[in-house]
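Participant: can you look at this prediction? I've put the sequence above it.
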Amino acid sequence: MMRAHRLQAVELSALRENELVPLLNDLDSLDLHQFSYVSIHAPSEFSAAQEPTIRDLLKGQLRRGWPIVMHPDTIHDFELWRDFGPLLAIENMDKRKPTGRTAHQLASIFEKLPNASLCFDIGHARQVDPTMTEAYLILRRFGGRLRQVHVSEVNTRSKHDVLSYSSILAFQEVADLIPLPVPLILETPLTESQMQIEIEKVGSALPVEQNVAVA
């Protein structure tokens, strides 16, 4: 599906802990030659007891030079992740999460992980603050750390959805703060027939240079 649209970025997700090992075991057999940007999304929930194992599994992939996207609320011991440096991309969270939602909360996380980068989820930011003020503050304060952008509409139940006209207008308000080369990762649930329409929507909302992907 992605090859047909000549997309150049892909995020490989193991959002559930039991998906991580199968994904990592298959990486060497995946045909990723068309993608100039590849990232891995770490599990979105795991215990403190599981954390060292997950950290070791992901650290073994740093040799590839691919960013590792992490939810900050999954981190129990920040010292375990410091040596990931800028390849650790911290994602801002939706309203369900206790931390990582605002620029102020992200600042305390980056104090503990001073070399980490940012995965900016623009849908999360809009859900937390529909005025887009918080999105603006996050990008102004941490734009220098920006590694990739998650794009979708996040509804009141914190579910990802296709972009609406109102979300496109909201995203346009901060589009100038997202540099053109930054990969855009669609998190919208799509069928193959919907992909081109959604890609065009993203292009009307944010700067695009064939760097849109589907997670």
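Facilitator: Great, that's in hand. Residues are numbered from 1 along each chain as shown.
Participant: and the spatially most distant residue from the centre of the chain, what are its phi and psi?
Facilitator: Taking C-alpha atoms, centre = their mean, the residue of the chain most remote from its mean C-alpha position is A49, at 24.7 Å. Dihedral pair for A49: phi -70, psi -30, per degrees, to the nearest 10.
Participant: same question, T188
Facilitator: Per degrees, to the nearest 10, the backbone of T188 is at phi -80, psi 140.
Participant: hmm, I197 and it touching each other?
Facilitator: No - counting by C-beta atoms under 8 Å, I197 is not a contact partner of T188; they are 10.4 Å apart. From N, CA and C alone the C-beta is placed, and that goes for glycine too.
Participant: looking at these two, which one has more neighbours?
Facilitator: T188 (20 against 11; other C-beta atoms under 10 Å).
Participant: which residues touch the more buried one?
Facilitator: 151-153, 160-163, 198, 214 (C-beta atoms under 8 Å, 6 or more residues apart in numbering).
Participant: ok, and the most crowded of the residues you listed?
Facilitator: V151 (27 neighbours).
Participant: show me where this structure has its helices.
Facilitator: All helices of the chain, identified by DSSP state H, fall at 20-26, 51-59, 103-112, 122-128, 133-142, 165-172, 195-205.
Participant: return the set of buried residues in the longest one.
Facilitator: By neighbour count on 16 or more other C-beta atoms under 10 Å, the buried set for helix 195-205 is 195, 198-199, 201-202, 205.
Participant: just the C-alphas of it, formatted as PDB.
Facilitator: C-alpha atoms of helix 195-205 as PDB (Å, rounded to 0.1, in the frame of the first residue of the first chain):
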ATOM      1  CA  MET A 195      -4.900   6.700   1.600                       C
ATOM      2  CA  GLN A 196      -4.600   9.200  -1.200                       C
ATOM      3  CA  ILE A 197      -7.400  11.400   0.100                       C
ATOM      4  CA  GLU A 198      -5.800  11.400   3.600                       C
ATOM      5  CA  ILE A 199      -2.400  12.200   2.200                       C
ATOM      6  CA  GLU A 200      -3.900  15.100   0.400                       C
ATOM      7  CA  LYS A 201      -5.600  16.300   3.600                       C
ATOM      8  CA  VAL A 202      -2.200  16.200   5.400                       C
ATOM      9  CA  GLY A 203      -0.700  18.200   2.500                       C
ATOM     10  CA  SER A 204      -3.300  20.900   3.100                       C
ATOM     11  CA  ALA A 205      -2.600  21.100   6.800                       C
END
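Participant: who are the packing partners of that helix?
Facilitator: helix 165-172, strand 184-186, strand 212-214 (3 or more C-beta pairs under 8 Å, 6 or more residues apart in numbering; DSSP states H and E).
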